[in-house]
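**Student:** what's the 3D shape of this:
(one chain, ligands or ions: 2)
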Amino acid sequence: MANSLMASGIVAQRLNAEELASNFSDLHPAYAPHEAAVAADRCYFCYDAPCTTACPTDIDIPMFIREIQTGNPEAAARTILEQNILGGMCARVCPTETLCEEVCVRETSEGKPVEIGRLQRFATDTLMAAGVHPFERAALTGKRVAVVGAGPAGLACAHRLAMLGHEVVIHEAKPKAGGLNNFGIAAYKSTDNFADREIEWLLQIGGITIETGKALGPDLSLDHLTSGFDAVFLSIGLAGVNALRLQGEDMKGMRDAVDFIEELRSSSDLSTLPVGRNVVVIGGGMTAVDAAVQSKLLGAENVTIAYRRGRDAMPASGFEQDLAAAKGVKLMFNVMPVALKGDGAVSAVELEYTSVIDGKVTGTGETIELPADQVFKAIGQTLRGAPDGLSLDGGKITVNEVGRTSKDMVWAGGDCASGGDDLTVTAVAEGRDAAMDIHAQLTS
Ligand SMILES: Cc1cc2nc3c(=O)[nH]c(=O)nc-3n(C[C@H](O)[C@H](O)[C@H](O)COP(=O)(O)OP(=O)(O)OC[C@H]3O[C@@H](n4cnc5c(N)ncnc54)[C@H](O)[C@@H]3O)c2cc1C
Ligand code: SF4
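**Tutor:** Ligands and ions are numbered 1, 2, ... in the order given. Model prediction:
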């Protein structure tokens, strides 16, 4: 039995088109207006609302919920978007269970929070469906800012600068803008081409040019940008990936989880995407969960996440862990990979059980072998392509609280910058705050 499973390899079309469409449909379907009204009614409109304090972009949550409750979702959207221009995407991808909804008074008193994320989506979707862009540009300042990287941090920075009257040119290495909104976020969180539609809507502000296929490094230098523009904002994300450092890492079937997810997000026909029968994902963050869940949704039979620490230490939230389990993914804790088996193509992963002593992961000597025709590595991403001469801190570009780097007139934000917690919403907050500081510098 085990041999025939291993021999089957990595193939496409494990499921038919109907099954795939159903598997990859919206994780949290949008509210109908009457559902939004009922959900909004549950809010206590707290004074000093803990939900707002927990939001990295400081959205006035009770205010926007009140606006929905009084039948004005477009005003609610404006309240959201003033703080978070990617409020539509954040409504879909924010781990609300560890942010606003975790501290919601309804959660702490009754165990059921106001569904803030879904209400935010209702408001922003309503406004976008009406084709409205609620902001206008201030009088032009004549200043030009270069942004490098068109992910959430770069887009948020560019929008705020354009709104304040500056001209912005975004230089993006890939052929398409969006960063991980387009190439990383799980397909069932951002359906119907939402990332592209949101960018199109955001650009309605005017004053932003996106030059794709332009990478800092091979195509242009930081010196070139600092001499050609009044300020530079770096938002290049984390393009490198950590290796397992085991023999056989280049065998067929071994793959970086982010590459697999990027291929999946770029695919126009999921039935053409090959997936293994026995998939093992090494790691414990959102990337590991997304790779595992999406493998399962593509039709992989046995999918296991192997994480080296205990459940409580897993970076993926309890909600993400439950989602994985509900989709049939097996979660193994306190195991680490010690050998990859196979001859040309991977056929099994040997895991060693671990214990954590004084915070350090230590092997116990006891091992287990899992059959695997596909192994995804999801053990963290690293900064790649940072310009020379910038100070680094823990492998990221050193920035202060408003994103200033060690180089004059160069700011950075999002995943590539020190601090923050590598979430879409944090990237948006950092892009916005750096834009405000750039504006202050350029107009002082
Ligand atoms: C698989 C995966 C799933 C995730 N799921 C979630 C989730 O559900 N919820 C959540 O909140 N967060 C999630 N995250 C994290 C979130 O996507 C990131 O924190 C966020 O995208 C960071 O935004 P950013 O703008 O800093 O970087 P990115 O989104 O990485 O964008 C960086 C941009 O810079 C470009 N670039 C890179 N190098 C250069 C260069 N040299 N020159 C020019 N351009 C360059 C890249 O092509 C890219 O477009 C996930 C991350 C991953 C990997
Ligand atoms: S904490 Fe909950 S109940 Fe209070 S304002 Fe925020 S969403 Fe409403």
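
**Student:** downstream neighbour of the helix or strand of the chain at the bottom of the mean pLDDT ranking in the secondary structure list?
**Tutor:** Across the helices and strands of the chain, the lowest-confidence element by mean pLDDT, DSSP states H and E is helix 2-8, at a mean of 42. Helices and strands here follow DSSP states H and E; after helix 2-8, the next one along the chain is helix 17-23.

**Student:** Contacts for the helix or strand just after that following helix, please.
**Tutor:** Toward the C-terminus, helix 17-23 is succeeded by helix 33-41 as the next helix or strand (DSSP H and E). Helix 33-41 is contacted by residues 31, 65-66, 68-69, 73, 114-115, 118-119, 122 when judged by C-beta atoms under 8 Å, 6 or more residues apart in numbering. The C-beta positions use only the backbone N, C-alpha and C, and glycine is treated the same way.

**Student:** Let me know whether helix 33-41 sits next to ligand 2.
**Tutor:** No. Judged by C-beta under 6 Å from any ligand atom, helix 33-41 makes no contact with ligand 2; its nearest approach is 9.1 Å.

**Student:** gap between that helix and the chain center?
**Tutor:** In terms of C-alpha atoms, centre = their mean, to the nearest Å, the gap separating the centre of helix 33-41 from the centre of its chain is 28 Å.

**Student:** where along the stretch 301-444 of the chain do the strands fall?
**Tutor:** Counting by DSSP state E, counting those that start in this stretch, the stretch 301-444 of the chain forms strands over residues 302-306, 330-332, 335-343, 345-357, 360-371, 374-378, 381-382, 392-393, 396-397, 410-412, given from the N-terminal end onward.

**Student:** Summarise which helices and strands the fifth one is packed against.
**Tutor:** Applying 3 or more C-beta pairs under 8 Å, 6 or more residues apart in numbering; DSSP states H and E, one finds that strand 360-371 makes contact with helix 2-8, strand 278-283, strand 302-306, strand 335-343, strand 345-357.

**Student:** and residue 135, which of these is closest to it?
**Tutor:** Of all those, strand 278-283 sits nearest to residue 135, with 38.9 Å by C-beta to C-beta.

**Student:** Convert that closest one to CSV, retaining C-alpha atoms only.
**Tutor:** Extracted C-alpha coordinates of strand 278-283, given in CSV (Å, rounded to 0.1, in the frame of the first residue of the first chain):
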residue,chain,number,x,y,z
ASN,A,278,1.3,12.4,0.6
VAL,A,279,2.3,16.0,1.4
VAL,A,280,4.4,17.0,4.4
VAL,A,281,4.8,20.7,5.3
ILE,A,282,7.7,21.7,7.5
GLY,A,283,6.9,24.8,9.6
